[in-house]
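[1] Would you be able to build a 3D model of this:
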Amino acid sequence: MLDARYSIRSHMAGSLTAASVGEDVIVAGWVGKRRDHGGLIFVDLRDGTGIVQCTFDPEDSRDAFVLAERIRPEWVVKLEGTVRRRPAGTDNPNMATGEVEIIVRSAEVLNTAETPPFEIEAGIDTDELTRLRWRYLDIRRPEVREALVLRDRVTQRFRKALEHRGFVEVETPILTKSTPEGARDFIVPSRLNPGKFYALPQSPQLFKQLLMIGGMERYYQIARCFRDEDLRADRQPEFTQVDIEMSFVGQEDVLAMTEGVMHEVMREAGHDLVTPLPRITYGEAMERFGTDRPDTRFGLELVDVAAVFASSEFKVFAGALSSGGASKGICAKGAGDWSRGRIDALNQVALDAGAKGLAWVAVTSDGDVKSPIAKFFTEDEMSALRAALGVDDGDLALMVADARPVANEVLGVIRLRLADELEVERHGFCALWVVDFPMFTWDDEEERWTATHHPFTLPFLDDIDALDERPGELLAHTYDLVINGYEIAGGTLRIHDPELQLRVLNRLGLSTEEAKAQFGFLLDALGFGAPPHGGIAFGLDRLVMLLAGAHSIRDVIAFPKTSSGSDPMTQAPDAVSPRQLKDVHLRVD
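    Numbers count the residues shown, from 1 in each chain. The predicted model follows:
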């Protein structure tokens, strides 16, 4: 029985079970499927909790039956009747209410509806653009609603878990100052300050550090963030972070807190997370998996085969090694009999990922060796290669020789493609920490060092001498929580010494004057007694996507954008009037 908030109905459709038999009920919702069997009409009534079958029999109510002959899918109706068991043999095990039905005595149409552009039911084969154009109808479908309900449950569990650990929820500004944080800012012109602009926050990074300096000590926020970047399945221009920061902590404190919170969140979604989680360094992740967010539910690990080619006559590999590069390989079990066309498709994947080419050696199930490069190998080298990669009859060896980062990243992409091609089983959730990232990454285009995470990351102080002379060797207190090949959360300890913060900004190419112009408020704040602090931020959309078993974060966002950043429903972004442009002192060329 519902409380008084639901004055128009007495029960929700999904709440009716065998225990409800004999009860008089009032339900209201949308008409799903309607089946006219001549003497009887069956209507599936859908509301926010589920679906229940309603039966119209002229012997029970002639007026209700006549109305049932008129109603159509997606009409909004109110029905009164009695719950009874379905006749023997007509139960529907696919419905939570499949044991019962409502015998309708009274019916009222609350609203009619146009014919929808697609079926309002689970598992429809309708293109995404159409569903986004009428997203409000798509939300009526069970799997979309269930994903949004799951998102709410996960969000509430985060709040409860953090509250119990002494965290305080604090909102930070949406209109803020543009600062370089890795991606393009969305900028907002200021009407009151001609020629000046706000930026929408890429994260609350600076504000949460200011909260630590302000003595909040334990902060969190379900934060809206904005990045003007190219989109893909797990990116949107606006997204949600569960943002967390703590004072007077070290890295172990942050990781332990995160594991405890994640255990509760996963349990809320019906999954178990065994802690403590395994850890690997960034360097190990790149060498073994070719990515800093490895999917460790399967093998297909990268193998260094430099020893095989160190003195080889195969100049491509020997040359890469002599110039300080790497020779890496991967073994595709059971792919030795693949066609040349299928292998060439992998070569194109490697080229697209930045390789100069993909070398391969196929050993058929009969033991025959097929390869365009086999003629460059001695028998000993071929035997050594097979031993190094674990190649048996029926297997395919794939290799890349290039600069070590390129070889790793290319084979990391090939690894995932092979897992799909070989239909490798990937079930459940496999979580781990990736730690000890480089402090800096070299940007070839800009010819300068950039921050691997952000400019406020605390480097390893034992190696701080490398900051000026060997920045590429300096590691930082960074940590990413990775599940099934997705970065679910990432964080760092922060610099709390203003002199060290200025040194890092200088190392990134900012002069002292430029650093103060961009980050003066933070540098000033750090001079007023900043405590040691650190934190982490969860990608809420991405986490819910995984927990829901969805393939895109668009599936777990109420009103997402397309891959071009547009909204087919509202037609945003759109032009604005000349008067609006004039108000903010802009004109469009």
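[2] Would you map the strands across the stretch 451-589 of the chain?
    478-483, 486-493, 533-539 (DSSP state E, counting those that start in this stretch).
[3] so what secondary structure elements neighbour the helix-or-strand element of the chain with minimal mean pLDDT?
    When each helix and strand of the chain is scored by mean pLDDT, DSSP states H and E, helix 315-322 comes last, with a mean of 76. With contacts defined as 3 or more CB pairs under 8 Å, 6 or more residues apart in numbering; DSSP states H and E, helix 315-322 has these neighbours: helix 306-309, strand 326-332, strand 396-402. Where C-beta positions appear, they are placed from N, C-alpha and C, glycine not excepted.
[4] Now do that helix and strand 326-332, the angle between them.
    130 degrees (axes from the mean of the first three to the mean of the last three CA atoms, to 10 degrees).
[5] Mind exporting the C-alpha coordinates of helix 315-322 to CSV?
    These are the backbone C-alpha positions of helix 315-322, laid out as CSV (Å, rounded to 0.1, in the frame of the first residue of the first chain):
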residue,chain,number,x,y,z
LYS,A,315,67.2,-4.9,-39.8
VAL,A,316,63.8,-3.5,-38.7
PHE,A,317,64.1,-5.2,-35.3
ALA,A,318,67.9,-5.0,-34.9
GLY,A,319,67.8,-1.3,-35.9
ALA,A,320,65.1,-0.4,-33.4
LEU,A,321,67.1,-2.1,-30.6
SER,A,322,70.4,-0.4,-31.6
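[6] Buried residues, it. List them.
    Going by neighbour count (16 or more other CB atoms under 10 Å), the buried part of helix 315-322 is Val316, Phe317, Ala318, Ala320, Leu321.
[7] for stretch 422-442, same thing?
    424, 429-440.
[8] which residues touch Asp173?
    No, residue 173 isn't Asp; it's Pro. Contact analysis of Pro173 by CB atoms under 8 Å, 6 or more residues apart in numbering lists Pro201, Phe207.
[9] which SS state does it fall under?
    coil (DSSP: H, G, I helix; E, B strand; the rest coil).
[10] next one: Thr82
    With three-state DSSP as the basis, Thr82 sits in strand.
[11] Quick one, which of the helices and strands packed on helix 315-322 gets closest to Gly534.
    strand 326-332 (33.3 Å; CB to CB).
[12] and the next element down the chain from that closest one?
    Using DSSP states H and E, the helix or strand that follows strand 326-332 in sequence is helix 340-352.
[13] Show me what that following helix is in contact with.
    357-358, 360, 362, 396, 398, 400, 410, 413-414, 417-418, 421.
[14] rerun that using 10 Å as the cut-off
    Residues outside helix 340-352 that contact it (CB atoms under 10 Å, 6 or more residues apart in numbering): 332, 335, 338-339, 355-360, 362, 370-372, 396, 398-400, 402, 410-411, 413-414, 416-418, 421.
[15] And for stretch 564-574?
    The contact list for stretch 564-574 (CB under 10 Å, 6+ apart) reads 128-136, 138, 228-231, 236-238, 559-562.
[16] in the stretch 51-200 of the chain, which spans are strands?
    For the stretch 51-200 of the chain, the strands defined by DSSP E, counting those that start in this stretch occupy 76-85, 100-111, 168-169, 187-189, 197-199.
[17] and the last one, what does it pack onto?
    Applying 3 or more CB pairs under 10 Å, 6 or more residues apart in numbering; DSSP states H and E, we find strand 197-199 packed against strand 187-189.
[18] got it, and the fourth one?
    Packing contacts for strand 187-189, counted by 3+ CB pairs under 10 Å, 6+ apart, involve strand 197-199, helix 578-583.
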